[in-house]
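Colleague: Quick one, what's the 3D model for this:
(2 chains)
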Amino acid sequence: MLNKYEAVIGLEVHAQLLTNSKLFCGCSAKFGNEPNTNICPICLGHPGVLPVLNKKAVEFTALMGLATNCKINQKSIFARKNYFYPDLPKGFQTSQYDKPLCEDGFLEVKTKDGLTKKINIKRIHLEEDAGKSIHDQAYETLVDVNRCSVPLMEIVTDPDINSSEEAYLYLTKIKQIVQYLDICDGNMEEGSLRCDANVSVRLIGEKTLGTKTEVKNMNSFRNVEKAINKEIERQIEIIEDGGKIIQQTLLWNDNDNNVSPMRSKEEAHDYRYFPEPDLMPVVIDEKWQTRLLSILPELPEKKIERFVTQYQLPLYDSEILTQDKSIAEYFENVTSICDDYKSASNWIMTSVLGYLNEKKINIKQFPISSENFGKMLNLIKSGIISSKIAKEIFSEMLENNSDPEIIIKEKNLVQISDTDEIKKIIEFILDTNKSELEDYLNGKEKIFGSFVGKIMKESKGKANPKIVNELLKSILESMKN
Amino acid sequence: MLPYKNHFEKLELIKSKKIDLVENVKYFLNRIEKEKRLNAFNFVFEEEALQSAEIISDKIISGNHGALAGLVIGIKDVLSIKDKPLTCSSKILRDFKSIYNATVVQKLIAEDAIIIGKTNCDEFAMGSSNENSAFGNVLNPVDETKVPGGSSGGSAAAVAAFLCDAALGTDTGGSIRQPAAFCGIYGLKPTYSRVSRFGLTAFASSFDSIGPFARSIEDISIILKSISGYDKKDSTSSQIEVPDFTKSLNLKSENIRIGIPKEYFSEGLNEEIKKSILELIQNLKNKNISITEVSLPHTEYTIAAYYILTTAEASSNLARYDSVRFGKRSSKIDSLNEMYKNSRSEGLGAEVKRRIMLGTYVLSAGYYDAYYLKAQKVRRLIKEDFDNAFSSVDVILTPTSPSLPFNIGEKSDDPLEMYLSDIFTTSANLAGIPGISIPYAKAKNGLPIGVQLLAKQFDEENLIKATKIIMELAE
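Modeller: This is a model prediction of the structure:
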């Protein structure tokens, strides 16, 4: 970006809520069922049907509001957004307009240069999803109504974001929070989290906003970042060439890494919002709010703080471990078995996360139970096995989640800590390496390590390295004299 | 003629085997056939009605039956009955069948009523003469050159012509009360939210009410009692307890205070109707009933507010008739827009289109505040007018309609003139209050004159009590 420009970005995030049933009827909200099987007269928009609001969806949205420092409106109302489309059975989407459930919140993100950036959240509202039009069929468009009326939460920021990096960090945080609240699975690739970006640029120091464009159709966090960068570039280029930005909707194309305008006909909408007469206002009284506060789980920031104090972990470790609520949970389960917190943290951050990344699975699919993992750490802590042996056991446990105590017994992997036994091995190695011993005693002390290696090898790695070191040192010292 | 005047008498006669319910249903079926030219019914369920009659007859005789056992009832064709056509008298739904029961239908069936058919009406309940129907217009049984009123014209005509015991209609701006007045029977619009709207094809959601037509106030009361009450399928339905309206008839009624709104007796009111109502007022005074003049100062804005708000809601409610999932699709469907345009142009009638366009306009960007929002404010003022009036009176008495039943075709080319037919009835829907039309008198030419009573929200009891006083005077 040319240094004299700054980008101004606002994000609209749609999150599909994890309720069992749809927003206005009892149909299953499950994703991936046979097309047009989760349907009833209500979500099909048959004559005479009326919506009944799913209370759970209201709670989920209010929880998101609380988690993002929003004010929960005591009274909010639904409104109809009118437009025609084949996947919209009623000819209107029931949404919220001028009185959303939550308003005026914020989130803070930490940028690469270590700065904290506050991003204001204008509103969070609840609405129903549309169905799915399946184009590109041989000769016709097909409509799947299953998704119709699945609850969606829309989170809208103020134009507070100034870079694609901030946008990315904000989205990551949103995803982390919805997963912590267990209200959305946060999967952008599958569309359960969707993001549109409003982008404009202006000269640094300029007070008024530039003309904005809306960029849609990004299906991953990285694509949001890429699309925003592309759009900023495009706008600056136009301005530098003396042109003007046209307010329009652009679609991100993943294949050619570029944005292209949507046909203007498709965006020429007057939605004619008006209050939904079939639903009563949603009233969240103090009692309900108190209850919501009481079920609000510990959020990432609090958890990071607690991990630092309770487990004496470095901030870095705490941040990594709490990125995913389930991993934090796994860590805490492990520490309930083994109290060597730092060791647990190290193992999880390297071996466990490494394995999850490699296999592209999540912690819930991780083969080793927290109990067995904790037991393994205890075996290390108490010196029964060495870290090296532990690596072997870890691989073995990945295969079938076996109990590490049984593995070491079966494979005879218990660490040798018996000084007599280790002494015998040391003596054997010194006996069979007379010339090196000579060299050592003549002052070539560097080869101490090679003795240790040989001893460990002789013990098949089972000798306690600490004891080997101590014992070898004292034997060699005594020989010197 | 029927040997009973109301449902209670009918039940007694069936119990004592003086009448046979199956024969009674056959009588109505014959009447429907004979009076076919009235065009009151869109569909008649001959077989099912006879089958139900047999079963329910046994239930009555064994003494184990619902409150409406054997009541033969017609249902306006905007209400859902499972596996039956639901056309709303529109071409676009000509072949549509409903796949579920409206709550009111469910309740009627639970009380052992016999549903004999679906009655004709104005398309999507929009109209005041029943001339906007894809099934053709309905004749007024009192004078077949006249309209029966609308939009529930088929229901009113069917009851007036003895084609059934009673009927359900819907009232968004007078669609029960005005046809009841035109056909000389009783028609009651309950308090908004008293009766579940689930299964009622929406015209204007915040105005629509379902209510009964009958030839006696007793039948009105018992049907009202049976269909009222909270329904979890309708979030706007009221949890307020439903009184036993059949007992309201026996309550002391001399102390009732009646208000006369001065704004309702201005120009444009038919002289004969005016004279008749003034006579009624005098008679009530003579009986020492308290009569006070009240004022509803925002009356002149009712029609404007009503047509802005109802058409706004209608434009949205009727968007679903797009021929995508159901309804008649045009054969000219070269593109998606063509499909929408042609299917709706061919499938919807002129009045419905007019209201959709009006409603779309008043909600449009730049016009919303001037029309929709302003009309909402007027609606609040009208509500407040009634609140004020009901602080000093129990019921308000007005003419139901400014005119006697008019000729078929007389107003069909002049929508504004037609809209004024509702001038005395729309205020109740704006305020959400209950109203009833009582067949009080007849004009010189024999056409019926209806008197309307209005009460405050959830006070149908006072409507019924006051009706009793007026009918005693009429006799």
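Colleague: Quick one: residues contacting the spatially most central residue of chain B.
Modeller: Among the residues of chain B, the one closest to the centroid is residue B:176, at 2.2 Å (CA atoms, centre = their mean). By CB atoms under 8 Å, 6 or more residues apart in numbering or on different chains, residue B:176 lies in contact with B:152, B:155, B:169-170, B:187-189, B:209, B:211, B:213, B:437. The way it works is simple: take the backbone N, C-alpha and C, and place the C-beta from them, glycine included.
Colleague: Considering the residues you listed, which possesses the most neighbours?
Modeller: residue B:152 (41 neighbours; other CB atoms under 10 Å in any protein chain shown).
Colleague: dump the residue contacts of the nearest residue to that one once chain neighbours are set aside.
Modeller: Leaving aside its chain neighbours, residue B:152 sits nearest to residue B:169 (3.1 Å; criterion: CB to CB, 6 or more residues apart in numbering or on different chains). Residues in contact with residue B:169 (CB under 8 Å, 6+ apart) are B:76, B:119, B:121, B:151-152, B:155-156, B:175-176, B:179, B:187, B:210-213.
Colleague: Repeat the analysis, applying 7 Å as the threshold.
Modeller: Applying CB atoms under 7 Å, 6 or more residues apart in numbering or on different chains, we find residue B:169 in contact with B:76, B:152, B:155, B:175-176, B:187, B:211, B:213.
Colleague: So it lies in a helix, does it not?
Modeller: No. Assessed with DSSP: H, G, I helix; E, B strand; the rest coil, residue B:169 is strand; it does not lie in a helix.
Colleague: Name the residues linked to it by a beta bridge.
Modeller: For residue B:169, the beta-bridge partners are residue B:211 (DSSP bridges).
Colleague: Out of the contacts of residue B:169, list just those in strands.
Modeller: Members of the contacts of residue B:169 lying in strands (criterion: DSSP state E): B:76, B:187, B:211, B:213.
Colleague: Determine which two of these are furthest apart.
Modeller: Greatest spacing in the ones in strands among the contacts of residue B:169, by CB to CB: B:76 and B:187 (11.5 Å).
Colleague: Could you check how many residues crowd around residue A:229?
Modeller: 18.
Colleague: By mean pLDDT, point me to the weakest helix or strand of the chain.
Modeller: Because you didn't say which chain, this covers chain A. helix A:264-267 (a mean of 54; mean pLDDT, DSSP states H and E).
Colleague: Chain B, not that one
Modeller: For chain B, judged by mean pLDDT, DSSP H and E, that is helix B:415-419, with a mean of 85.
Colleague: what does it contact?
Modeller: With CB under 7 Å, 6+ apart as the criterion, helix B:415-419 contacts B:128-129, B:303, B:307, B:354, B:411.
Colleague: before we move on, back to that, could you point out the helix or strand that follows the least confident helix or strand of chain A?
Modeller: strand A:274-275 (DSSP states H and E).
Colleague: Whatever helix or strand comes next after that next one pairs with which strands?
Modeller: Note on strand A:274-275: by DSSP H and E, the next helix or strand toward the C-terminus is strand A:282-283. Next to strand A:282-283 in the sheet, as set by DSSP bridges, lie strand A:75-76 (antiparallel).
Colleague: other SSEs contacting the helix or strand just after the strand it pairs with?
Modeller: Per DSSP H and E, the first helix or strand lying C-terminal to strand A:75-76 is strand A:79-82. Strand A:79-82 is packed against strand A:92-95, strand A:274-275, with contacts defined by 3 or more CB pairs under 7 Å, 6 or more residues apart in numbering or on different chains; DSSP states H and E.
Colleague: For chain A, which residue gets nearest to chain B?
Modeller: Going by CB to the nearest CB, chain B is nearest to residue A:91 of chain A, at 2.4 Å.
Colleague: right, and that residue touches residue B:319 too?
Modeller: Yes. At 2.4 Å, residue A:91 and residue B:319 qualify as touching, with contact defined as CB atoms under 7 Å.
Colleague: Can you give me the pLDDT of the closest residue to residue B:265 other than its chain neighbours?
Modeller: The spatial neighbour of residue B:265 that comes closest, neighbours along the chain excluded (CB to CB, 6+ apart), is residue B:274 at 6.4 Å. For residue B:274, the pLDDT comes out at 95.
Colleague: go on, residue A:442?
Modeller: 86.
Colleague: Got phi/psi on it?
Modeller: With angles defined as degrees, to the nearest 10, residue A:442 sits at phi -90, psi 10.
Colleague: From residue A:432, how far out is it?
Modeller: Residue A:442 sits 19 Å away from residue A:432, going by CB to CB, to the nearest Å.
Colleague: between the two, who's got more neighbours?
Modeller: A direct count of neighbours by other CB under 10 Å for residue A:442 and residue A:432 places residue A:432 higher, at 11 against 8.
Colleague: List the contacts of that one.
Modeller: No contacts exist for residue A:432 under CB under 7 Å, 6+ apart.
Colleague: Tell me the confidence at it?
Modeller: pLDDT, read off for residue A:432, is 90.
Colleague: Repeat that for residue A:1.
Modeller: Note on residue A:1: pLDDT of 53.
Colleague: Over to residue A:20?
Modeller: We have a pLDDT of 97 for residue A:20.
Colleague: And for it, the neighbour number?
Modeller: There are 11 residues near residue A:20, going by other CB under 10 Å.
Colleague: looking at it, it is touching residue A:29, isn't it?
Modeller: Yes. Between residue A:20 and residue A:29 there is a contact under CB under 7 Å: 6.4 Å.
Colleague: can you give me the helices for the stretch 201-350 of chain A?
Modeller: A:221-240, A:264-267, A:286-295, A:300-311, A:315-322, A:325-335, A:341-347 (DSSP state H, counting those that start in this stretch).
Colleague: hang on, the earlier thing: show the contacting residues for the residue of chain A closest to chain B.
Modeller: Residue A:91 makes contact with A:82, A:84, B:319-320, B:322, according to CB under 7 Å, 6+ apart.
Colleague: Need those residues in CSV (columns: neighbour count, secondary structure and pLDDT).
Modeller: Supplementary listing: the contacts of residue A:91 in CSV, determined by neighbours: other CB atoms under 10 Å in any protein chain shown; DSSP: H, G, I helix; E, B strand; the rest coil; pLDDT from 0 to 100:
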residue, neighbour count, secondary structure, pLDDT
A:82, 22, strand, 97
A:84, 16, coil, 94
B:319, 23, helix, 98
B:320, 23, helix, 98
B:322, 25, coil, 96
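Colleague: buried residues in the least confident helix or strand of chain B?
Modeller: Residues B:415, B:418-419 are the ones in helix B:415-419 that count as buried (16 or more other CB atoms under 10 Å in any protein chain shown).
Colleague: what's the answer for stretch A:284-304, then?
Modeller: Quick answer for stretch A:284-304 (16+ other CB under 10 Å): A:284, A:288, A:292, A:299-300, A:303-304.
Colleague: do stretch A:460-478 as well
Modeller: Using 16+ other CB under 10 Å as the test for burial, stretch A:460-478 gives A:461-465, A:467-469, A:471-472, A:476.
Colleague: What parts of chain B come near chain A?
Modeller: Residues of chain B lying near chain A by CB under 7 Å from any CB of the partner chain: B:80, B:86, B:88, B:99-100, B:102, B:197-201, B:205-206, B:232-236, B:312-313, B:316, B:319-320, B:322, B:324-325, B:336, B:340, B:360, B:363-365, B:372.
Colleague: Just the ones in helices from these, please.
Modeller: If you go by DSSP state H, these have B:312-313, B:316, B:336, B:340, B:360, B:363 in helices.
Colleague: Redo those as a markdown table? Include neighbour count and distance to residue B:240.
Modeller: Converted to a markdown table, these look like this (neighbours: other CB atoms under 10 Å in any protein chain shown; distance: CB to CB, whole Å):
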| residue | neighbour count | distance to residue B:240 |
| --- | --- | --- |
| B:312 | 27 | 28 |
| B:313 | 28 | 24 |
| B:316 | 26 | 28 |
| B:336 | 15 | 46 |
| B:340 | 21 | 42 |
| B:360 | 19 | 35 |
| B:363 | 24 | 31 |
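Colleague: which among those residues gets closest to residue A:200?
Modeller: residue B:363 (29.5 Å).
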